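1. Below are the sequence and a predicted model for it; my questions follow.
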Amino acid sequence: MLFRVPRRFSYSSVFVGLVIGCCFYSFFSQPSSSKLFAQSNDEEKLVVIDTFTDDDFNNETGADGFIVPNIIHFIRFEKFQLNFVDYVVLKAAMRNHRPDKFYYHTNIKNVTFEGKYWEWVKNEKDLWSRIEVKYLEAPTEIFGQKLSKGWRFFHGSDIGRIRVLMQYGGIYLDNDCFVIHSLDKYRKFECVINWDERQFLGTQTVIAHKNSRFIALWLESYKDNYHADKWYYNAGERPTTEILVKQPHLIHRVKGDFGAGTGVSMNLYTNPKFDWRPLDVIHLLMNHRSYLDKRYNLTPVFDENNIRTYEYPFGDMVRDLLDIHPATTPSSNGP
């Protein structure tokens, strides 16, 4: 498009004006503090796939490149402050996988990053720059069916992770999932989920393209069939028996490497010889302590002090991650 320069302006003055104008536009068009942080500089281009069919896509071999965005999603309903294990989980995902972004999905409208462990995160500029907060309404119903009052936020999180993955795609992690190795090898598949032999699927780690067929069917499976009185029916039992048993090709099946089994996780707190290193992820079971082995409950709250001398494998994991040693003097400014 051509435009005429008024005679009273020189071309040089117009050029200067355009530069200044662009600077002002750039400044004022930056996200406000409520939108939080800018995008990471090291995002990669994805292989674009809009639809998946049995004829065109194989979840055994996957795509030639990444099709799942390198975003890690956490859901935090009602509580946004971090505890020590939350910080450890975030740090492990950053160090061992390095996502482009961490999306924290919460129903808290005015988020504040308060507390010692958020301060630790802020002190790590590369980590802090990757964190964004997304508002996510905590569901009260699903397809017109009221959620359980007692389990509302737990069942709501089950639904929330499906909706988040359908909106963005990426890697969903429970707040107590410790990433041990990079998950990039799974990002070339339509949907990846832990499904052990003779077990229901494990929802603690889910990696999916936003147009995943299984994810869409999983949400649909709630229609006229939500069981408010059953803890894991809609999250694990029904999608396994009604979808995956009949159509296992809809996912890339992981057996064991996401550490979803309770019997696997309990080794972190009861078996000094347990080797966790071959796993890609392990569920720490931090939210299930009330009914677990009494030996686990001997240390009810982990922190940067007692982790230095914790004798079971979880102590080794955290000390390796944070580069701390039992004899090191604790610091209030960070590990």
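-> It's in. Numbering: from 1, shown residues only.

2. Helix or strand: which one has Ala216?
-> helix 213-220 (DSSP states H and E).

3. cool, Ser157 as well?
-> Per DSSP H and E: helix 152-168 holds Ser157.

4. Now do the buried residues in that helix.
-> 152-153, 155-166, 168 (16 or more other C-beta atoms under 10 Å). For glycine as for every other residue, the C-beta is placed from the backbone atoms N, C-alpha and C.

5. what's the answer for stretch 99-112, then?
-> Pro99, Asp100, Lys101, Phe102, Tyr103, Tyr104, His105, Thr106, Asn107, Ile108.

6. Need the residues that contact it.
-> For stretch 99-112, the external contacting residues (C-beta atoms under 8 Å, 6 or more residues apart in numbering) are 39-40, 42-44, 69-78, 80, 90, 93-94, 130-138, 160, 164, 168, 170-171.

7. What of stretch 310-323?
-> Contacts of stretch 310-323 (C-beta under 8 Å, 6+ apart): 88, 91-92, 95, 178, 267-272, 274, 276, 284, 299, 302, 304, 307-309, 324-326, 335.

8. returning to what we had before: give the buried subset of the contacts of stretch 99-112 as a PyMOL selection command.
-> Buried subset of those, written as a PyMOL selection, criterion 16+ other C-beta under 10 Å:
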select buried, resi 40+69+70+71+72+73+74+75+76+77+80+90+93+94+130+131+132+133+136+138+160+164+168+170+171
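
9. re earlier: take the buried residues of stretch 99-112 and keep only those in helices.
-> Judged by DSSP state H, these include no members of helices.

10. Tell me which of these fall in strands.
-> Lys101, Phe102, Tyr103, Tyr104, His105, Thr106 (DSSP state E).

11. all helices of this structure, in order?
-> Using DSSP H, helices in the chain cover 11-28, 84-96, 116-122, 125-128, 152-168, 213-220, 238, 262-265, 267-270, 313-322.

12. And for the fourth one, what's in contact with it?
-> Outside of helix 125-128, the residues that reach it under the criterion C-beta under 8 Å, 6+ apart are Phe37, Leu90, Lys91, Met94, Val121, Lys122.

13. Now do the contacts for the fifth one.
-> Residues in contact with Val121, defined by C-beta under 8 Å, 6+ apart, are Leu82, Tyr87, Leu90, Phe113, Leu127, Trp128, Ile131.

14. cool, the fourth one as well?
-> If you count contacts by C-beta under 8 Å, 6+ apart, Met94 has them with Phe102, Glu124, Asp126, Leu127, Arg130.

15. Read off the pLDDT value for it.
-> Looking at Met94, its pLDDT is 98.

16. ok, now the first one?
-> Reported pLDDT at Phe37 in the predicted model: 31.

17. Show me the shaky parts of the stretch 201-335 of the chain.
-> Applying pLDDT under 70 to the stretch 201-335 of the chain flags residues 289-291, 293, 295-297, 326-334.

18. try it again with 80
-> For the stretch 201-335 of the chain, applying pLDDT under 80 flags the ranges 287-300, 325-335.
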